[in-house]
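> no FASTA, just this:
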């Protein structure tokens, strides 16, 4: 080994190892989506514990939960450099549907 000319070992792509950038994207997108989804779940839980006489507040919290769910899906897709406007955004409305069912059952 020549100290003035170090060589770097390069692994081939056929060995099955992933590059660092795709792994970073997956970790960041999962972390962002899960964090925002927890916020949406917290809003649903808050809607469940609001006074039953305040129906407007319950519905509003559930709608906000759905908005944050849509944002979570859009952020996930944006990190992966995909179009954020897609039918997958309907998945983000799930907290509203589930929250309304849990609140008014």
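Received, thanks. Owing to the predicted nature of the structure, the values given are computational and were not obtained by experimental measurement. Residues are numbered from 1 along each chain as shown.

> For residue 59, which residues are in contact?
Neighbour list for residue 59: 47, 100 [criterion: Cβ atoms under 8 Å, 6 or more residues apart in numbering]. For the C-beta atoms, the positions are set from N, CA and C on the backbone; glycine is no exception.

> in the strand or helix carrying residue 96, what's buried?
Element membership for residue 96, per DSSP states H and E: helix 94-104. For helix 94-104, a neighbour-count test (16 or more other Cβ atoms under 10 Å) marks 94, 95, 96, 98, 99, 100, 103 as buried.

> Now flag whichever of those is closest to residue 55.
Distance to residue 55, by Cβ to Cβ, is smallest for residue 103 among these, at 9.0 Å.

> could you say which helix or strand contains residue 84?
Per DSSP H and E, there is no helix or strand for residue 84.

> my read: it touches residue 77, true?
Yes - counting by Cβ atoms under 8 Å, residue 84 does reach residue 77; the two are 5.1 Å apart.

> Please list the residues outside the helix holding residue 96 that contact it.
Helix 94-104 is touched from outside by 37, 40-41, 43-44, 47-48, 58-59, 61-63, 65-66, 68-69, with contacts defined as Cβ under 8 Å, 6+ apart.

> same check, this time on stretch 22-40
65, 66, 68, 69, 71, 72, 73, 75, 76, 79, 80, 95.

> mind running it again at 10 Å?
Residues outside stretch 22-40 that contact it (Cβ atoms under 10 Å, 6 or more residues apart in numbering): 17-18, 62, 64-81, 92, 94-96, 98-99.

> Quick check: buried residues in the helix or strand containing residue 31?
In this assignment (DSSP H and E), residue 31 forms part of helix 20-49. Buried residues in helix 20-49, counted by 16+ other Cβ under 10 Å: 29, 32, 33, 36, 37, 40, 41, 43, 44, 46, 47, 48.

> So which bits of the helix or strand just after that helix are buried?
Using DSSP H and E, the helix or strand that directly follows helix 20-49 along the chain is helix 55-79. Residues of helix 55-79 classed as buried by neighbour count (16+ other Cβ under 10 Å): 58-59, 61-77, 79.

> before we move on, what about stretch 83-97?
If you call a residue buried by 16+ other Cβ under 10 Å, then stretch 83-97 has these buried ones: 89, 92, 93, 94, 95, 96.
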